[in-house]
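Enquirer: What shape does this take:
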Amino acid sequence: MPTTDIPALHAQHEAVLVRMRAAMPQLRPTEQRIAALFLAEPSATAALSIADLAARCETSTTSVVRFSKRMGYEHLRQLRMDVLREVTRETFETAALPEVSGDIDRNDTIEDIVAKVSTAETLSIADTAKMLNLDSLSAAVAAVAGARRVDIFGAGASSFVGQDLQQKLIRIGRVALNWPDTHAAWTSAATLESGSVALAVSHSGATVDTVRFLALARAGGATTIALTNHDGSELASHADIVLTTAARETGFRSGALGSRIAQLMVVDCLFIGVAQSNYDSSMAALRSTYAAIHRDVPAQQ
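Expert: The predicted model follows:
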């Protein structure tokens, strides 16, 4: 039977590479090196013997075995097989996309940049759709739909995701507040109570300001929702509901592109679920807000 050290390991085996990315912050340094090699060269790494894999990662065969168990497998050969299945699946999914790999390089052309960004973002969305827990999404929809007020906070690039959700909820008549300032967010979170929802956005799940926001809200009795790439993160530990993305981040684009596009996809699903929960009222509100913006707008010259 597979072990389950990491929460994400309850996912399907075919998403093994996605789970490696999500588990990376929780792995030991030696295990991180093994995971990094699998993620960088999945097909070639899956073909290595346990001794060769250990040598490539400058670690012991015992560490390789431990890594395999940490990822939910009793035997390395099972891990290898699932990696190869995942590579095959990804090959079919990206058949229509440009054949590119790796991070942005100093010598890349504009064509290379477009190809690499579009491929990474397409895969981030596809992986997130595959990994998103539908029960958790349904619970989040119910919580937001029934909330008196929704407070949202995210730092850096995540703040734009929070603003997007706030604007969407306002359009259908929901009371939603997005806090761009950390101290204001903490102050608001400290006043939340039962019947309110606090939603925090953080790709890493380790942003201190965002973790504190959710912890304060939970202490007051609010329902807490975390939107993160790592369901074993500290942020997730303060959440009643965890919505997990499966974004592909690299050093050049860390926290900026892959995570944001995946978070926005989840936000869209959450919003549509909330709107659908009271369909007639939501449609009326959307028509009303559309008319408010477009009524009596001077024609463009």
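Enquirer: Strands along the chain, start to end?
Expert: Secondary structure of the chain (DSSP state E): strands at 149-154, 176-178, 196-201, 223-228, 241-244.
Enquirer: show me where pLDDT drops low in the stretch 101-250 of the chain?
Expert: For the stretch 101-250 of the chain, the stretches flagged by pLDDT under 70 are 101-105, 248-250.
Enquirer: Can you show me the helices along the protein?
Expert: For the chain, applying DSSP state H gives helices covering 16-23, 29-40, 42-46, 50-56, 61-70, 76-93, 110-131, 134-145, 157-171, 182-191, 208-219, 234-237, 258-277, 279-294.
Enquirer: Send me the fourth one as CSV with only the CA atoms.
Expert: Spelled out, that is helix 50-56. Extracted in CSV, the C-alpha atoms of helix 50-56 (Å, rounded to 0.1, in the frame of the first residue of the first chain):
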residue,chain,number,x,y,z
ILE,A,50,18.2,3.3,-8.6
ALA,A,51,22.0,3.4,-8.3
ASP,A,52,22.3,5.8,-11.2
LEU,A,53,19.5,8.0,-10.0
ALA,A,54,21.2,8.2,-6.6
ALA,A,55,24.5,9.1,-8.2
ARG,A,56,23.0,11.8,-10.4
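Enquirer: Residues in contact with it: which ones?
Expert: 34, 37, 45, 48, 60, 61, 63, 64, 65, 76 (Cβ atoms under 8 Å, 6 or more residues apart in numbering). In this view, the C-beta of every residue, glycine as well, is placed from N, C-alpha and C.
Enquirer: Show me which of those are buried.
Expert: 34, 37, 45, 48, 63, 64, 65, 76 (16 or more other Cβ atoms under 10 Å).
Enquirer: Residue 220: which of the contacts of helix 50-56 is nearest?
Expert: residue 34 (42.0 Å; Cβ to Cβ).
Enquirer: quick one: the closest one and residue 18, what's the gap?
Expert: Residue 34 sits 16 Å away from residue 18, going by Cβ to Cβ, to the nearest Å.
Enquirer: give me the number of residues near the spatially closest residue to residue 166 that is not a sequence neighbour?
Expert: Spatial nearest neighbour of residue 166, excluding adjacent residues (Cβ to Cβ, 6 or more residues apart in numbering): residue 178 at 3.8 Å. Counted by other Cβ atoms under 10 Å, the residues lying close to residue 178 total 23.
Enquirer: Equivalent analysis for residue 150, please.
Expert: Neighbour number of residue 150 under other Cβ under 10 Å is 25.
Enquirer: That one bridge partners, please.
Expert: Counting by DSSP bridges, residue 150 forms beta bridges with residue 176, residue 197.
Enquirer: if I pick it, what's in contact with it?
Expert: 144, 166, 169, 174, 175, 176, 177, 196, 197, 198, 199.
Enquirer: Surely the first one is in contact with residue 269?
Expert: No. At 11.7 Å, residue 144 does not count as touching residue 269 under the criterion of Cβ atoms under 8 Å.
Enquirer: Among those two, which residue is more densely surrounded?
Expert: Shown here are residue 144 and residue 269; by other Cβ under 10 Å, residue 144 has more neighbours (23 against 18).
Enquirer: ok, now which ones touch that one?
Expert: 150, 169, 174, 197, 199, 225, 270, 274.
Enquirer: farthest pair in the contacts of helix 50-56?
Expert: 45 and 60, at 16.7 Å, using Cβ to Cβ across the contacts of helix 50-56.
Enquirer: still on that earlier bit, compare the contacts of residue 150 and tell me which is most surrounded.
Expert: That'd be residue 199 among the contacts of residue 150, by other Cβ under 10 Å, with 33 neighbours.
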